[in-house]
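**Q** Any chance you could fold what I've pasted below:
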Amino acid sequence: MGLISNIYNAPIERSGFLKEHESYVVLRYKNREYVGAAFVHPDDEDFASEKVGHGIALSRARIEILKDEKERLRQEYKDKMRMYNDVLGYGIKTPEEVDPTGAFKKSIKRTYDRYLTLVEFLKEEEKGLDNYLKGQDEIVTRLKRNRKKGKID
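**A** Predicted coordinates for the structure are as follows:
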């Protein structure tokens, strides 16, 4: 399995919906726990939904994993580049002398490509969550407006 599918298939350790209208999800990934939470605004308590809260909390937990993995890959890339430059003596030796098959350079490129892929998935997850929250806000606003109209008429 790939990195992204492992993140999206991370097992849910715990999840729940608390009295105070707070949903939480705890994901286990690489022996670490990542927590995502969703809170209902006090004005919107009439519209609290366990499923909506669970989805938001799950997305936030995944975002935390993606951020950690992004940082890990960034550091791995920097370490590999530093080692590669050290071995080359910062230009004293040619890459062909040190890495005739180009395997080390390919490894660096694979790490960089995984990093870029992860950055894209992180952006998509954050954008998706943002769009979802905006949509939920619009729905709640419409429902409140319709309820208010019903009371006035």
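**Q** so where's the longest helix in this structure?
**A** helix 103-152 (DSSP state H).
**Q** how far does that one sit from the chain's center?
**A** Offset of helix 103-152 from its chain centre (CA atoms, centre = their mean, to the nearest Å): 9 Å.
**Q** what helices or strands is it leaning on?
**A** Applying 3 or more CB pairs under 8 Å, 6 or more residues apart in numbering; DSSP states H and E, we find helix 103-152 packed against helix 3-8, helix 50-88. C-beta: built from backbone N, CA, C; applies to glycine.
**Q** from what I can see residue 87 touches residue 94, true?
**A** No: between residue 87 and residue 94 there is no contact under CB atoms under 8 Å: 11.3 Å.
**Q** Neighbour count for these two, which is higher?
**A** Ranked by neighbour count (other CB atoms under 10 Å), residue 87 and residue 94 place residue 87 first, with 14 against 10.
**Q** The more buried one: what's its closest spatial neighbour, skipping adjacent residues?
**A** Once flanking residues are discounted, residue 87 sits nearest to residue 98: 5.1 Å by CB to CB, 6 or more residues apart in numbering.
**Q** cool, residue 11 as well?
**A** residue 28 is the one closest to residue 11 (CB to CB, 6+ apart), at 5.5 Å.
**Q** do the same with residue 102
**A** Closest to residue 102 by CB to CB, 6+ apart is residue 95, at 7.6 Å.
**Q** Check residue 15 too.
**A** Spatial nearest neighbour of residue 15, excluding adjacent residues (CB to CB, 6+ apart): residue 25 at 4.4 Å.
**Q** Residue 140 versus the one you found, what's the distance?
**A** 21 Å (CB to CB, to the nearest Å).
**Q** go on, residue 79?
**A** 47 Å.
**Q** Neighbour count: these two, which is higher?
**A** residue 140 (16 against 12).
**Q** Just list the residues touching the most centrally placed residue in the chain, thanks.
**A** Central residue of the chain (CA atoms, centre = their mean): residue 63, 2.1 Å from the mean position. Going by CB atoms under 8 Å, 6 or more residues apart in numbering, residue 63 touches 36, 122, 125, 126, 129.
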